[in-house]
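Enquirer: Predicted model and sequence below, questions to follow.
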Amino acid sequence: MAQVRKTTHSRNSSPRKTARKANTRRSGTAHKSTKRATRRWSQRVTEESDALDLKQGVFKLTSAKRIAASLKRSAEHSSRRKTGAYRSALSMLTFYINRAGKTLPRTQRTRLERAKVELKRAFGRE
């Protein structure tokens, strides 16, 4: 822990600045306990999204057409989505790709990118 020096303050500096820094440090430890609870927020979004009720394992399907068809079906049957079916389906697919990041295997990434094109075709947006 760093030592705190007592210094004389000039007209422009205030002793409150050091107090804020000290409080920030203390609140950092409380943040660590709450961090564990919110660690998997993206998984929760995929499972409990207001946009769509996804079929389990939809992103692991082997065909881009099947992924697109499943997303379309989910989007069209959802009564909780806040926007159009195409936009909801595409945003969920994009969210999954972005969430996986670098850990997504290249073959699966290309399949999901092809699913975007298939989704566009399924909704007649070419």
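Expert: Yes, it's here.
Enquirer: Which stretches in this protein count as helices?
Expert: 15-35, 41-48, 64-77, 85-100, 106-122 (DSSP state H).
Enquirer: lowest-confidence stretch among the ones you listed?
Expert: Lowest mean pLDDT within those: helix 15-35, at a mean of 53.
Enquirer: what about Ser70, how many neighbours?
Expert: Counted with other CB atoms under 10 Å, the neighbours of Ser70 add up to 20. The C-beta positions use only the backbone N, C-alpha and C, and glycine is treated the same way.
Enquirer: list the contacts for it?
Expert: Leu54, Lys55, Val58, Leu61 (CB atoms under 8 Å, 6 or more residues apart in numbering).
Enquirer: Pull out the buried members of those.
Expert: The neighbour-count test (16 or more other CB atoms under 10 Å) marks Leu54, Val58, Leu61 as buried among those.
Enquirer: and the second one, what pLDDT?
Expert: Spelled out, it's Val58. For Val58, the model assigns a pLDDT of 89.
Enquirer: before we move on, the earlier item: let me know the closest of the buried ones among the contacts of Ser70 to Arg87.
Expert: Of all the buried ones among the contacts of Ser70, the one with the least separation from Arg87 (CB to CB) is Leu54, at 15.4 Å.
Enquirer: I figured Asn55 was touching Ser74, is that so?
Expert: Not quite, residue 55 is Lys, not Asn. Yes. Lys55 lies in contact with Ser74 (CB atoms under 8 Å); the separation is 6.5 Å.
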